[in-house]
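Enquirer: Structure, please.
(chains A, B, C and D)
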There are 2 protein chains.
Amino acid sequence: MKPITLKDIAEILGISVTTVSKALKDYPDVSKKTKRLVRETAETLNYKPNAFAVNLRTSESKTIGIIIPEVVHHFFSSVLKGIVAQAEKKGYLVIILQSNESYELEKKQIDLLLNKRVDGILMSLANGTIHFDHLDEILISETPLVLFDKIAKVVQCSKVIINDRKAAYNATKHLIESGCKKIAHFRGPLLPQNSIDRFLGYKSALLEHGMNYDPSLVYILNDMSFEEGVHFSKELLKDHKDVDGVFINTDLVAIGAISEFNKQGIAIPNDIKIVGFSNWFMSSVITPTLSTIDQPGYEMGKVAFKLLYKEIKQKKKKIPVTFKTVELPTNLVIRESSIAEKIN
Amino acid sequence: MKPITLKDIAEILGISVTTVSKALKDYPDVSKKTKRLVRETAETLNYKPNAFAVNLRTSESKTIGIIIPEVVHHFFSSVLKGIVAQAEKKGYLVIILQSNESYELEKKQIDLLLNKRVDGILMSLANGTIHFDHLDEILISETPLVLFDKIAKVVQCSKVIINDRKAAYNATKHLIESGCKKIAHFRGPLLPQNSIDRFLGYKSALLEHGMNYDPSLVYILNDMSFEEGVHFSKELLKDHKDVDGVFINTDLVAIGAISEFNKQGIAIPNDIKIVGFSNWFMSSVITPTLSTIDQPGYEMGKVAFKLLYKEIKQKKKKIPVTFKTVELPTNLVIRESSIAEKIN
DNA sequence: TTTGGCATCGAAAACGTTTTCGATTTTGCG
DNA sequence: CGCAAAATCGAAAACGTTTTCGATGCCAAA
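Expert: Residues are numbered from 1 along each chain as shown, chains lettered A, B, ... in the order given. Sure thing, here's the model as predicted:
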């Protein structure tokens, strides 16, 4: 019934708990013979060290926490998968929490993780997060932290991101090169760095290609849902009948837009061309297939964990950590929704 | 620097650690005055109990584990979300692991969770899981376990499922009532109870409606991918030119099929009608929109955690647990891919 | 004054492991 | 054979909390 402990093994072999522990951890000051004996009985009794005791003694949990805005989301679940896979390789388990894009929840969950004394925290910030004092709590507790995707530049920690601005620039440039003369932009909320950068990329692409920037062509979305894609497409068609291109902040919204354009009989890409962002799986199967920016979620998760792992190791060895920001490449994938008309 | 401990508070107030502990936990044998004092200093010092010590002492981790076949999957991430939300309400954190549909990995991950001494385990079985001795390990360790969605009937534990057979029956019946005369079935691998039940539902719907069951119309898929949907649609069209309906084990495959049929100029629903399974989000935005069985993932996660929570409580109170199987209702959602031709 | 009861507190053990440091035994070598 | 060095072991403290079981002091009742 009761789980086997070091003490049990010690009593069976008539030696001390100390020696059993050392034998199992391959200390040099225990003879080969006792090592063999200890290991054999540990094996047959199916001994598993009590994680609680180990945690207390070593004061590490071999567990990290991750907070993301939303679990049911293609990009974030890809990141999650990358993190979990990588963490498992290094013997770490990962606790998942979601902030639902709320600052309050995010704050509460940081507390939960710190109280659990996780060895490190991985986060992508909520849209509702405007100040970062709750992140300071992580830093003063000296828990390694790395931010990914939705980050805050001012926070002193490692980060892994994509170059949203450049990616948006390329997406917009592609629309221009496909012949668009009047390009709208569906952007995210005002605060997150992401939507700011994507907007800036859109804007600079226009300006650098001799097109004028018209603020009335920029629509500010809120929850970035399919429904918002539908809604703002209607608005767009009302406001600007002659628009012939849209760069949309995220694929889900773009798919809403496609759906609405299809319904209204607006031909894509002939009447209007669309480029999305993130390369959700469904973008490749919708009609027409959606051009988009491929955002390497799994890779981002992998890299984020690796950075965190390094910091955890460094902290253990008490060598000072240096924060790094790694930028992952993105890739414009061109599909039907933005191909130039054939010259006929 | 160092975290505050009970001892620190005790020394400041000149009382014993025992009293401090009891004061914080509102024991009756501590005077109101000392309780107030203790609480105040704990508050100002920002005392947080050391979770490691609490774990060791109480031998519970306030953590549960969940193993799912795949994180990047609409249904499973919905379940995950439901579990995490519900667990948080009850003060539990959740460790996420994924089996990649592999029995070996699943087994390994069970070990990881048991070694971490989680208070309970939630699982959906991998397709590759054929025997269940690794689950016995969970049971003999007396860790509460509840299986959801992809379960094994023989395992002695609580389960939460849908009635796959009934749902498949209804889907097939719907095709029949829409006028289909020759209905194929793309089924999952042979082992999982899910695909067996869905197949049985398909078969009995045929038989009970006076149609004959033709095994050559049943295609056995492997990884249930988009690509398999494409591939087996080609096979189907080669083998049976006159097929006019398909019931497909999961939406992703159905979407592959739709894509292939569209490409070959087969009209949906006029030439062939399709019903999928699971109600992935993208099924509502594809052209044509896909009829499917709505499978309540979030709800399933909620219910699964509630069952687990109850068992954890019961175990603590040493009252014997009774296993329950709860069946969640599904819902046939009819969309464009299966509507009957209009009589013109 | 004694007795009993109540309110309040603390010593100490326990959870199971890791690690330091000293003790003992064995070995090697002159 | 004697002695230093090496090899092998174990006692004990420590991690921070919870909880049992007494101990103490005080007051009221007898």
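
Enquirer: switch to C-alpha atoms for all contacts and neighbour counts from now on
Expert: Noted.

Enquirer: tell me the helices in chain A, going along the chain?
Expert: A:6-13, A:17-24, A:32-45, A:51-58, A:74-89, A:103-116, A:133-140, A:164-177, A:193-208, A:226-239, A:251-264, A:297-316 (DSSP state H).

Enquirer: pLDDT on the second one, on average?
Expert: In this case it means helix A:17-24. For helix A:17-24, mean pLDDT rounds to 96.

Enquirer: Is it positioned near DNA strand C?
Expert: Yes: part of helix A:17-24 sits near DNA strand C under the criterion CA under 7 Å from any atom of the strand, namely A:Val17, A:Thr18, A:Thr19, A:Ser21, A:Lys22.

Enquirer: helices and strands around that helix, which ones?
Expert: With contacts taken as 3 or more CA pairs under 8 Å, 6 or more residues apart in numbering or on different chains; DSSP states H and E, helix A:17-24 sits against helix A:6-13, helix A:32-45.

Enquirer: Any chance you could list what contacts the first one?
Expert: When contacts are taken as CA atoms under 8 Å, 6 or more residues apart in numbering or on different chains, the neighbours of helix A:6-13 outside the stretch itself are A:Ser16, A:Val17, A:Thr19, A:Val20, A:Ser21, A:Val38, A:Thr41, A:Ala42, A:Pro49.

Enquirer: Now the buried members of those residues.
Expert: By neighbour count, with 16 or more other CA atoms under 10 Å in any protein chain shown, the contacts of helix A:6-13 hold A:Val17, A:Thr19, A:Val20, A:Ser21, A:Val38, A:Thr41, A:Ala42 as buried.

Enquirer: ok, these vs A:Val285, which is closest?
Expert: Nearest to A:Val285, judged by CA to CA, of these is A:Ala42 at 54.3 Å.

Enquirer: State the distance from that closest one to DNA strand C.
Expert: Distance, A:Ala42 to DNA strand C, using CA to the nearest atom of the strand, to the nearest Å: 10 Å.

Enquirer: Same check on A:Asn55?
Expert: 8 Å.

Enquirer: Pull the contacting residues for that residue.
Expert: Counting by CA under 8 Å, 6+ apart, A:Asn55 touches A:Ser61, B:Phe52.

Enquirer: Just the pLDDT for it.
Expert: 97.

Enquirer: Repeat that for A:Pro144.
Expert: pLDDT, read off for A:Pro144, is 97.

Enquirer: if you skip the residues just before and after it, what's nearest to it?
Expert: A:Gly120 (4.8 Å; CA to CA, 6 or more residues apart in numbering or on different chains).

Enquirer: who's in contact with the one you found?
Expert: The contact partners of A:Gly120, taken as CA under 8 Å, 6+ apart, are A:Thr63, A:Ile64, A:Gly65, A:Thr143, A:Pro144, A:Leu145, A:Leu308, A:Ile312.

Enquirer: Compute the number of surrounding residues for A:Ala340.
Expert: Counted with other CA atoms under 10 Å in any protein chain shown, the neighbours of A:Ala340 add up to 17.

Enquirer: As a markdown table, the residues of helix A:17-24 next to DNA strand C with distance to A:Met282 would be great.
Expert: Below are these laid out as a markdown table (distance: CA to CA, whole Å):
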| residue | distance to A:Met282 |
| --- | --- |
| A:Val17 | 58 |
| A:Thr18 | 58 |
| A:Thr19 | 59 |
| A:Ser21 | 53 |
| A:Lys22 | 55 |
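
Enquirer: would you turn the helices of chain A into a markdown table with distance to B:Val321?
Expert: Below are these laid out as a markdown table (distance: least, CA to CA, whole Å):
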| stretch | distance to B:Val321 |
| --- | --- |
| helix A:6-13 | 30 |
| helix A:17-24 | 36 |
| helix A:32-45 | 28 |
| helix A:51-58 | 25 |
| helix A:74-89 | 32 |
| helix A:103-116 | 28 |
| helix A:133-140 | 40 |
| helix A:164-177 | 53 |
| helix A:193-208 | 49 |
| helix A:226-239 | 44 |
| helix A:251-264 | 44 |
| helix A:297-316 | 39 |
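
Enquirer: now for the ones you listed, which one comes closest to B:Arg57?
Expert: Of all these, it is helix A:51-58 that lies closest to B:Arg57, at 8.6 Å by CA to CA.

Enquirer: Tally up the residues packed near the residue in the stretch 201-344 of chain A that DNA strand C sits nearest to, please.
Expert: Nearest residue of the stretch 201-344 of chain A to DNA strand C: A:Lys316, at 11.2 Å (CA to the nearest atom of the strand). When neighbours are counted by other CA under 10 Å, A:Lys316 registers 11.

Enquirer: Number of residues surrounding A:Leu45?
Expert: 14.

Enquirer: same question, A:Leu13
Expert: A:Leu13, neighbours per other CA under 10 Å, totals 14.

Enquirer: Against A:Pro3, how distant is it?
Expert: According to CA to CA, to the nearest Å, A:Leu13 and A:Pro3 sit 17 Å apart.

Enquirer: The helices of chain A: which one's closest to DNA strand D?
Expert: Per CA to the nearest atom of the strand, nearest to DNA strand D of those: helix A:51-58, 3.7 Å.

Enquirer: Quick check: buried residues in the closest one?
Expert: A:Ala51, A:Phe52, A:Ala53, A:Asn55, A:Leu56.

Enquirer: now it and helix B:51-58, what's the angle there?
Expert: 140 degrees (axes from the mean of the first three to the mean of the last three CA atoms, to 10 degrees).

Enquirer: and helix A:51-58, is it in reach of DNA strand D?
Expert: Yes: against DNA strand D, helix A:51-58 shows contacts by CA under 7 Å from any atom of the strand at A:Ala53, A:Leu56, A:Arg57.

Enquirer: What pLDDT is listed against A:Val303?
Expert: As summarised for this prediction, A:Val303 has a pLDDT of 98.

Enquirer: Pretty sure it sits against A:Ser158.
Expert: No: using CA atoms under 8 Å, A:Val303 is not in contact with A:Ser158, being 10.9 Å away.

Enquirer: of all of the stretch 151-300 of chain A, which residue lies closest to DNA strand D?
Expert: Closest point on the stretch 151-300 of chain A to DNA strand D, by CA to the nearest atom of the strand, is A:Cys157, at 25.8 Å.

Enquirer: ok, the residue lying closest to that residue once chain neighbours are set aside to A:Val94 distance?
Expert: Spatially, and ignoring its direct neighbours in sequence, A:Cys157 is nearest to A:Phe323 (5.4 Å; CA to CA, 6+ apart). Going from A:Phe323 to A:Val94 by CA to CA gives 22 Å.

Enquirer: so how many other residues sit close to A:Ala171?
Expert: Counted with other CA under 10 Å, A:Ala171 comes out at 31.

Enquirer: list the contacts for it?
Expert: Neighbours of A:Ala171 in contact, by CA under 8 Å, 6+ apart: A:Tyr202, A:Phe247, A:Val275, A:Thr292, A:Ile293, A:Leu332.

Enquirer: go with 7 Å
Expert: A:Val275, A:Leu332 (CA atoms under 7 Å, 6 or more residues apart in numbering or on different chains).

Enquirer: likewise A:Lys32?
Expert: So A:Lys32 contacts nothing (CA under 7 Å, 6+ apart).

Enquirer: Quickly note the distance from it to DNA strand C.
Expert: 13 Å.

Enquirer: Please tell me I have it right and A:Asp294 contacts A:Val275.
Expert: No: using CA atoms under 7 Å, A:Asp294 makes no contact with A:Val275, being 11.2 Å away.

Enquirer: Among these two, which residue is more densely surrounded?
Expert: Neighbour count, other CA under 10 Å: between A:Asp294 and A:Val275, A:Val275 has more, with 29 against 17.

Enquirer: is it true that the more buried one touches A:Asp251?
Expert: No: applying CA under 7 Å, one finds A:Val275 not in contact with A:Asp251, separated by 8.2 Å.

Enquirer: Okay, buried residues for stretch A:228-245 please.
Expert: Applying 16+ other CA under 10 Å to stretch A:228-245 flags A:Glu228, A:Gly229, A:Val230, A:His231, A:Phe232, A:Ser233, A:Leu236, A:Val243, A:Asp244, A:Gly245 as buried.
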